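Participant: 3D model of this:
(chains A and B)
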Amino acid sequence: MSDKSGSEHTGQSHRDWMRHPAFLGALIGILAAFTQALLISAGGPVAYGFCVACHTRDLVNGLTNIVAGTHLALAPISANAVLPVMSIVGVLIGGYVAAKKSKEHKIRKGTNLEYAIYFLAGVIVLQLAMIFGGCPYRAALRTGYGDLSALVFIISMAAGVIAGAYIMLKWAEREEA
Amino acid sequence: MVAVGILPKDIAIYAVPVVTLMLGLLIGYLAQRSGYCSIGGFRDFYLFRHTRLLSGYITLILASFVGYLFFWFITPAAMDGFFWANTNGLFTAIPGAPGGLSPAAYFLFAIIPGFFIGLICVYLGGCPIRQTVMASEGNYKAAWFFVGMAIGSIIFAAWVSGAVVVLMKSIGFGV
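Facilitator: Numbering: from 1, shown residues only, chains lettered A, B, ... in the order given. Prediction:
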């Protein structure tokens, strides 16, 4: 994949470092710390600069509370602020702009069964992430903050990935045989 | 102790949506360009010994430590409880999960959800951020995953959060 897109972008090699995941990892880490230093007076928790699951929860529950007058739980920083954290809105727009600019935006449809599986998986992953108190990204931030239980989460997640990849490998071998 | 940041509270409450939106735009743009994925990092390393994606996740952990350490020197009042293991006990979890349970409960909350998030997301082909970015690229399956997370947020706050606490207390993980 990287080879193909690399050749599409000849002449932009000076910006290749921007396309390396390590650059984004470093950027999120530093900016998450900066965001906390800047905004923590609005409310906690700490190590909350970026989290896909928690920030989606804050966005949905925060807006639902404003529109429908409910009292769904969300992080103090989002409950105290005039609007909840908007990072997920940013990710959706940023991803869309990047995909359009690089002509990688393409409607990819699936079957209704696949939609149902992905929807259900989204619900379940959100429950699991909220029980832990973060998605893989907040787990990384919490580890950086010194929360070793988050490191346990990451190791356990890696074990889950390996188990899942192993099972899928076996499925693929069985289909070939 | 109440943490105090660079911005006073009456300004910070207006800055929260603005700053997080800008951060999200930057992350979304670069995540699309780089194919950033935490689950994919472990998967590619296990299956192919590729380190590209994994380097992104490892760098995030290290950079966040450096970032928090840096701002702990500059604005210590904003870095409440840093370095957590040192100030709060070795495996004490940072708040965020449903409250009022014993430390052992939060240890289980790290192990069990961690394993199943890894298992489910490797099957789907990406972690939550990868799904969100794929949704913005026009992938309908990933968009349904995102809708699932959104509906799941309300389900969690309305029912699951309370049920998990009741369940954990009934099997002896109360405080």
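
Participant: please count neighbours and contacts with C-alpha atoms only from this point.
Facilitator: OK.

Participant: what about the helices in the chain?
Facilitator: Picked chain A for this. Under the criterion DSSP state H, helices of chain A are mapped to A:2-8, A:21-39, A:52-68, A:76-80, A:87-101, A:112-132, A:136-145, A:148-176.

Participant: looking at chain B here, not the other one
Facilitator: Going by DSSP H, chain B shows helices at B:9-34, B:38-48, B:52-74, B:84-88, B:103-124, B:128-136, B:140-155, B:161-170.

Participant: need these in CSV with mean pLDDT, can you?
Facilitator: As requested, the helices of chain B are exported to CSV (pLDDT from 0 to 100):
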stretch, mean pLDDT
helix B:9-34, 97
helix B:38-48, 96
helix B:52-74, 97
helix B:84-88, 92
helix B:103-124, 95
helix B:128-136, 96
helix B:140-155, 97
helix B:161-170, 95
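
Participant: ok, the residue most central in space within chain A - contacts?
Facilitator: Nearest to the mean C-alpha position of chain A, by Cα atoms, centre = their mean, lies residue A:52 at 3.6 Å. Contact partners of residue A:52, counting by Cα atoms under 8 Å, 6 or more residues apart in numbering or on different chains, are A:88, A:135, A:137, B:128-129.

Participant: surely residue B:39 touches residue B:124?
Facilitator: No. In this structure residue B:39 lies outside contact range of residue B:124 using Cα atoms under 8 Å: 10.1 Å.

Participant: who has more neighbours out of the two?
Facilitator: Comparing residue B:39 with residue B:124 by other Cα atoms under 10 Å in any protein chain shown, the one with more neighbours is residue B:39, at 30 against 19.

Participant: tell me how far the more buried one lies from residue B:72.
Facilitator: 30 Å (Cα to Cα, to the nearest Å).

Participant: now swap in residue A:119 and tell me
Facilitator: 40 Å.

Participant: coming back round to it: nearest to residue B:82 among the contacts of residue A:52?
Facilitator: Ranked by distance to residue B:82 (Cα to Cα), the contacts of residue A:52 are led by residue A:137 at 18.2 Å.

Participant: ignoring the adjacent residues along the chain, who's closest to that closest one?
Facilitator: Leaving aside its chain neighbours, residue A:137 sits nearest to residue A:51 (5.5 Å; criterion: Cα to Cα, 6 or more residues apart in numbering or on different chains).

Participant: next, count neighbours for that neighbour.
Facilitator: 24.

Participant: what of the one 3 residues further on?
Facilitator: Here the neighbour count serves as a burial measure; for residue A:54 (other Cα under 10 Å) it reads 26.

Participant: what of residue A:171?
Facilitator: For residue A:171, the neighbour count with other Cα under 10 Å is 11.

Participant: now residue A:53
Facilitator: Neighbour number of residue A:53 under other Cα under 10 Å is 30.

Participant: can you list phi and psi of the nearest residue to it once chain neighbours are set aside for me?
Facilitator: Leaving aside its sequence neighbours, residue A:53 sits nearest to residue A:135 (Cα to Cα, 6+ apart; 5.4 Å). Backbone torsions for residue A:135, taken as degrees, to the nearest 10, come to phi -90, psi -180.

Participant: which other residues reach stretch A:39-46?
Facilitator: A:36, A:75-78, A:80-81, B:2-10, B:12-13, B:15-16, B:78-80, B:94-96.

Participant: before we move on, the earlier item: need the contacts of residue A:52 in a markdown table (columns: distance to residue A:56 and neighbour count).
Facilitator: Output for those, formatted as a markdown table (distance: Cα to Cα, whole Å; neighbours: other Cα atoms under 10 Å in any protein chain shown):
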| residue | distance to residue A:56 | neighbour count |
| --- | --- | --- |
| A:88 | 6 | 29 |
| A:135 | 11 | 28 |
| A:137 | 13 | 28 |
| B:128 | 10 | 29 |
| B:129 | 11 | 28 |
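
Participant: which member of those is positioned nearest residue B:68?
Facilitator: Minimum distance to residue B:68 across the contacts of residue A:52 is 15.0 Å, recorded for residue A:137 (Cα to Cα).

Participant: state the pLDDT value of that closest one.
Facilitator: Note on residue A:137: pLDDT of 96.

Participant: pretty sure it is touching residue A:50, no?
Facilitator: Yes. Between residue A:137 and residue A:50 there is a contact under Cα under 8 Å: 6.9 Å.

Participant: got the buried residues for stretch B:65-79?
Facilitator: B:65-72, B:75-79 (16 or more other Cα atoms under 10 Å in any protein chain shown).
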